[in-house]
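1. One predicted model, sequence on top.
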Amino acid sequence: MMIGPRRLGLALAMLAATAVPAFGNMVELVNPNTGETIKYRPSFAKEVKPQRPQYKFFDPGTQSWVTYQASREEMRERHRMQFARAHVRFSSGEAAGTIVIDTASRYLYRVNGDGTAIRYGIGVGREGFTWAGVERVSNKREWPDWRPPAEMIDRQPDLPEYMPGGPQNPLGARALYLGSTLYRIHGTHQDETIGYAVSSGCIRMLNEDVVDLYNRTSVGTKVIVLGPGSDRSGLIAAISAF
């Protein structure tokens, strides 16, 4: 839940919102302070430079093999599509509404109970802040306030002791609190962190995704968190049963 440098593209993402219909790659967000509606395209991994794959294809014009390397823009687009919200097959004995979080793959599944699930891309705890277990959603908040725990303030003395809810708040548009722990499933204005291990243990989602999950989730919902060393055989069977 660290607050990173803000860029213009991310500033738009901070104006997070209520329900957000998608228009292709664009998302509509509403500034809760002004009511202004903004369309923006979520940014992903702009500061990350993964190795670009190379491909070979045969060019009939030159009768030769040509090597093609993916552009940075293409790599960013692939990352965005990899973690985009999707309906997927999911055969599980878990009750409808159950949330299954696979920190290894950076996905959160909301079980629908009909052999499918809604899959969301997430950001997870960085090394030293990973965890696993079964919790229940103990509370829900729209535009939650943020009070960093004492341990976090010790690590980052420049953090405020309290920050009111709103577009500037690192907890984003919604938060689902997990049992009596300090962990939450919450939104973020740092879109580029989705798909990476960056948080202090909380599960980050795009604001438009956490709004969608929030509206589908009730207090008391079971949340299964698979962390390092967890048995993922049941999850693998659930997503590969068809």
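-> Arrived safely, thanks for sending.
2. how about the helices of the protein, start to end?
-> Taking DSSP state H as the test, the helices found in the chain are 8-13, 72-82, 150-155, 207-216, 233-239.
3. Would you mind finding the most buried of those?
-> Mean neighbour count (mean count of other CB atoms under 10 Å) peaks for helix 207-216 among these, with a mean of 21. Using the backbone N, CA and C atoms, a C-beta is placed for each residue, glycine as well.
4. Give me the mean pLDDT for it.
-> For helix 207-216, mean pLDDT rounds to 96.
5. next one: that helix to chain centre, how far?
-> From the chain centre to the centre of helix 207-216 is a distance of 11 Å (CA atoms, centre = their mean, to the nearest Å).
6. Can you name every helix or strand that it contacts?
-> Under the contact criterion of 3 or more CB pairs under 8 Å, 6 or more residues apart in numbering; DSSP states H and E, the helices and strands touching helix 207-216 comprise strand 26-30, strand 107-111, strand 116-121, strand 174-178, strand 184-188.
7. Out of these, which gets nearest to residue 232?
-> Comparison of those against residue 232 by CB to CB identifies strand 107-111 as nearest, at 11.5 Å.
8. Tell me which strands that closest one pairs with, and in which orientation.
-> According to DSSP bridges, strand 107-111 forms sheet pairs with strand 99-102 (antiparallel), strand 116-121 (antiparallel).
9. where does the chain dip in pLDDT?
-> Confidence mapping of the chain against pLDDT under 70 gives the ranges 1-33, 38-57, 68-70, 241-242.
10. do that again at 90, thanks
-> Within the chain, the stretches with pLDDT under 90 are 1-81, 126-129, 146-170, 189-193, 198, 200, 228-229, 240-242.
11. Could you check the angle the top strand by length along it makes with strand 184-188?
-> Looking across the chain with DSSP state E, the single longest strand is strand 133-142. Put simply, strand 133-142 runs at 50 degrees to strand 184-188, going by axes from the mean of the first three to the mean of the last three CA atoms, to 10 degrees.
12. Show me how far strand 133-142 is from its chain's centre.
-> For strand 133-142, the gap between its own C-alpha mean and the chain's C-alpha mean amounts to 16 Å (CA atoms, centre = their mean).
13. Direction included, what does it pair up with?
-> Strand pairing for strand 133-142, using DSSP bridges, gives strand 174-178 (antiparallel), strand 222-226 (antiparallel).
14. Need those in JSON lines (columns: mean neighbour count and distance to residue 100).
-> JSON lines is the format used below for these (neighbours: other CB atoms under 10 Å; distance: least, CB to CB, whole Å):
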{"stretch": "strand 174-178", "mean neighbour count": "24", "distance to residue 100": "13"}
{"stretch": "strand 222-226", "mean neighbour count": "20", "distance to residue 100": "5"}
